[in-house]
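[1] no sequence for this one, just the structure:
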């Protein structure tokens, strides 16, 4: 099972900042059910206000052969 790379965490944090209008959103944890072929989906919990306020969940699709092609989105 793979872990999130720093660049993928930053993608999730940038998306959370854009969607919430805040500037201090941070990924506090993530969960995955494992790889499905060449893809692995991570669900990231995002907090703001110094870890006091839970904002939204961001999903990161990681393309395992080339991690630069990962994308962040929300449902």
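    Received, thanks. Keep in mind the model is a prediction, meaning the values are calculated, not measured.

[2] residues contacting stretch 27-37, please?
    Outside stretch 27-37, the residues that touch it by CB atoms under 8 Å, 6 or more residues apart in numbering are 1-2, 4, 9, 12-13, 40-47, 51, 58, 60, 64. No exception for glycine: its C-beta is placed from N, CA and C like everyone else's.

[3] list the buried residues for stretch 32-40?
    Burial within stretch 32-40, assessed by neighbour count using 16 or more other CB atoms under 10 Å, is assigned to 32, 40.

[4] before we move on, the earlier item: just the buried ones from the contacts of stretch 27-37, in ChimeraX syntax?
    In ChimeraX, this line selects whichever of those come out buried by 16+ other CB under 10 Å:
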select :4,9,12,13,40,42,44,45,46,47,58,60
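
[5] just give me the neighbour total for residue 28.
    13 (other CB atoms under 10 Å).

[6] phi, psi for it please.
    phi -100, psi -20 (degrees, to the nearest 10).

[7] show the pLDDT at it.
    Here, the pLDDT recorded for residue 28 equals 96.

[8] what do you get for residue 43?
    For residue 43, the pLDDT comes out at 97.

[9] list the residues that contact it.
    Residue 43 touches 30-32, 57-59, counting by CB under 8 Å, 6+ apart.

[10] out of those, who's nearest residue 18?
    residue 58 (10.7 Å; CB to CB).

[11] now intersect the contacts of stretch 27-37 with the strands, please.
    40-47, 58, 60 (DSSP state E).

[12] what is the nearest of these to residue 20?
    Using CB to CB, residue 46 comes nearest to residue 20 of the ones in strands among the contacts of stretch 27-37, at 8.2 Å.

[13] that older thread, check the ones in strands among the contacts of stretch 27-37 and tell me the two furthest apart.
    Spatially, the most separated pair among the ones in strands among the contacts of stretch 27-37 is 40 and 47, at 22.6 Å (CB to CB).

[14] leaving out chain neighbours, which residue sits closest to the residue most central in space within the chain?
    In the chain, the residue lying closest to the centroid (CA atoms, centre = their mean) is residue 12, at 3.9 Å. Spatial nearest neighbour of residue 12, chain neighbours left out: residue 58 (4.2 Å); criterion: CB to CB, 6 or more residues apart in numbering.
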